[in-house]
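Q: kindly generate the corresponding structure for this input.
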Amino acid sequence: MERVAPSKREGQARVALARLFHPSEGTGTAAGTLYHAWFATIGWLDDGMPTDDALRAAASRIRMDLPAETWHELDRLLRMFRAWLEQTELRTVLSRSAYADPQQPGFPSQLTPLWTKKMKPLRVEQERRFLVRDGAKFLNGSLDRVVWLGDSDRILAADVLDFKTDAIAPGDGTALAERTEHYRPQLQTYGRAVARLAQVPDERVAARLVFTVAGCVREI
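A: Below is the predicted model:
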């Protein structure tokens with residue numbers, strides 16, 4: 001059976017030719033790998049920020065995957081990562097309190113009709129690998145962050161968060177809209193995969209893009 005990686009569906013599986021020859025593409029990708037490793041250290045920001053020691057340890061574990069120039073920039077990249085965590089929308093979606101009820105900032109609007117007073121986040125997973133059947137295909141890949149929501153021990157819904165480090169200036173609505181559409185097929189596929197993992201209908205899974213540079217979150 002065919003295997004499909006959701007990450008290959010971004011941009012309808014098309015790549016702009018200019019990106020293939022961009023001289024900074026390699027180091028930019030490496031920095032993105034580092035940032036994702038750092039986001040994976042965060043359970044809930046309600047419990048506190050990750051320490052510098054924890055972030056440096058996470059970086060050390062993937063040092064062999066990073067080019068020398070990225071490693072030499074570690075201090076600067078760490079400062080940038082901490083600046084992102086001070087942005088209101090990012091802090092909110094990384095907080096347990098955002099899932100208290102639909103009136104809370106950062107609650108995924110798609111899940112509002114499903115919410116009950118007994119619903120709560122059961123657990124959060126980072127870098128969650130998956131391989132699930134979707135009709136005549138297998139979907140396989142890795143989720144940056146997924147929050148499993150339910151009543152007691154029963155999963156009723158889920159929220160998928162995918163971190164994007166695109167260089168979008170704060171307030172650039174045109175670029176933000178373009179990148180949201182670019183990533184839409186990828187996030188929709190993540191949503192289908194999570195629905196099958198949880199054995200819930202597709203509409204019970206929210207999928208959101210977290211644009212770290214622009215400091216905003218967009219629901220798909």
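Q: whichever helix in the chain runs longest: which residues count as buried?
A: Using DSSP state H, we find that the single longest helix of the chain is helix 173-198. Using 16 or more other C-beta atoms under 10 Å as the test for burial, helix 173-198 gives 176, 179-180, 182-198. (Each C-beta comes from the backbone N, C-alpha and C, glycine too.)
Q: which segments of the protein make up each domain?
A: Listed by automatic domain parsing, the domain ranges of the chain are 16-86, 108-220.
Q: deepest-packed of those, please.
A: Across the domains of the chain, averaging neighbours per residue (mean count of other C-beta atoms under 10 Å) puts domain 108-220 on top, at a mean of 17.
Q: any idea of the mean pLDDT for it?
A: Across domain 108-220, pLDDT averages out at 95.
Q: quickly find the element holding residue 129.
A: Residue 129 is part of strand 120-134, with elements assigned from DSSP states H and E.
Q: mind listing the strands for this structure?
A: Along the chain, counting by DSSP state E, strands occupy 2-4, 120-134, 137-151, 154-164, 205-211, 216-219.
Q: report the angle between the longest helix of the chain and strand 120-134.
A: Interaxial angle of helix 173-198 relative to strand 120-134 (axes from the mean of the first three to the mean of the last three C-alpha atoms, to 10 degrees): 80 degrees.
Q: and the residue positioned nearest the centre of the chain, what does it touch?
A: Geometric centre of the chain, nearest residue: residue 162, 1.8 Å, by C-alpha atoms, centre = their mean. In this structure, residue 162 makes contact with 143-145, 183, 186-187, 190, 207-210, judged by C-beta atoms under 8 Å, 6 or more residues apart in numbering.
Q: at 10 Å what do you get?
A: 6-7, 10, 36, 143-146, 183, 186-187, 190, 207-211, 220 (C-beta atoms under 10 Å, 6 or more residues apart in numbering).
Q: measure it to residue 141 for me?
A: Distance, residue 162 to residue 141, by C-beta to C-beta, to the nearest Å: 11 Å.
Q: overlap of the contact sets of those two?
A: Among the neighbours of residue 162, those also in contact with residue 141 (C-beta under 10 Å, 6+ apart) are 6-7, 186, 190.
Q: widest-spaced pair of those residues?
A: Checked with C-beta to C-beta, the shared contacts of residue 162 and residue 141 reach their widest spread between 7 and 190, with 8.9 Å between them.
Q: overlap of the contact sets of the two?
A: With C-beta under 10 Å, 6+ apart as the test, residue 7 and residue 190 both reach 141-142, 162, 183.
Q: for residue 12, give me the pLDDT.
A: Here, the pLDDT recorded for residue 12 equals 59.
Q: residue 212 contacts residue 91, correct?
A: No - counting by C-beta atoms under 10 Å, residue 212 sits too far from residue 91 to count as a contact (11.8 Å).
Q: shared neighbours of these two, which are they?
A: Shared contacts of residue 212 and residue 91, defined by C-beta under 10 Å, 6+ apart, comprise 84-85.
Q: which pLDDT value goes with residue 23?
A: Reading off the confidence values, residue 23 has pLDDT 38.
Q: quick one, which of the strands of the chain gets closest to residue 81.
A: Smallest distance to residue 81 across the strands of the chain (C-beta to C-beta): 10.7 Å, for strand 154-164.
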